[in-house]
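**Student:** 3D model of this:
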Amino acid sequence: MKTANAYMITFRSFLKFCRKQGLESVDPTSIDLIKQRDREVTFLSTEEIDRLFAVIDTETIQGKRDAAIIECIYSTGLRISELTALDRNNINLDTQEFSVRGK
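**Tutor:** Now for the predicted structure:
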């Protein structure tokens with residue numbers, strides 16, 4: 001629905017442009033957008049978070065990596081795409097900070 005509405009908004013803008021240019025066109029206000037439901041956000045419970053961290057085997061290098069990934073996402077709110085785009089150059093070990101470019 002978001003994509004369809006984006007096309008409709010673009011189309012309405014085009015129709016407004018046509019009218020400003022003196023061209024006869026459909027009234028842009030006659031084109032309605034699709035009604036969307038509000039997005040419902042659900043959160044993990046404390047027990048679910050504890051179970052998520054408990055299943056990671058931190059004795060292996062892959063487990064340590066997975067734990068670091070999950071902890072970083074959980075504690076910072078990063079999107080997966082932002083985390084995967086993170087580079088060593090973005091990390092300052094002295095200040096224990098990193099910079100992220102995203103939405």
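**Student:** beta partners of the residue nearest to Glu97 when sequence neighbours are not counted?
**Tutor:** Leaving out its chain neighbours, the residue that sits closest to Glu97 by Cβ to Cβ, 6 or more residues apart in numbering is Ile91, at 7.8 Å. Any C-beta I mention is one placed from the backbone N, CA and C, and that applies to glycine too. Counting by DSSP bridges, Ile91 forms beta bridges with Phe98.
**Student:** For Ile91, the count of nearby residues, please.
**Tutor:** 12 (other Cβ atoms under 10 Å).
**Student:** Same question for Gln62.
**Tutor:** 10.
**Student:** ok, now Lys64?
**Tutor:** For Lys64, using other Cβ under 10 Å, the count is 13.
**Student:** before we move on, the earlier item: thought the residue nearest to Glu97 was touching Cys72?
**Tutor:** No: with contact defined as Cβ atoms under 8 Å, Ile91 does not reach Cys72; the gap is 11.0 Å.
**Student:** ok, back up a step: per-residue confidence at the residue nearest to Glu97?
**Tutor:** We have a pLDDT of 86 for Ile91.
**Student:** for the chain, longest helix please?
**Tutor:** helix 2-20 (DSSP state H).
**Student:** quick one: contacts of whatever helix or strand comes next after it?
**Tutor:** Using DSSP states H and E, the helix or strand that follows helix 2-20 in sequence is helix 46-54. Contact with helix 46-54 is made by 44, 67, 70-71, 74, as judged by Cβ atoms under 8 Å, 6 or more residues apart in numbering.
**Student:** distance between helix 46-54 and the chain's centre?
**Tutor:** In this view, helix 46-54 has its centroid 23 Å away from the chain centroid, taken as Cα atoms, centre = their mean, to the nearest Å.
**Student:** Now the next helix or strand after it: buried residues?
**Tutor:** Where DSSP H and E defines the elements, the next helix or strand beyond helix 46-54 is helix 61-76. Using 16 or more other Cβ atoms under 10 Å as the test for burial, helix 61-76 gives Asp66.
**Student:** Packing partners of helix 61-76?
**Tutor:** helix 46-54, helix 80-85 (3 or more Cβ pairs under 8 Å, 6 or more residues apart in numbering; DSSP states H and E).
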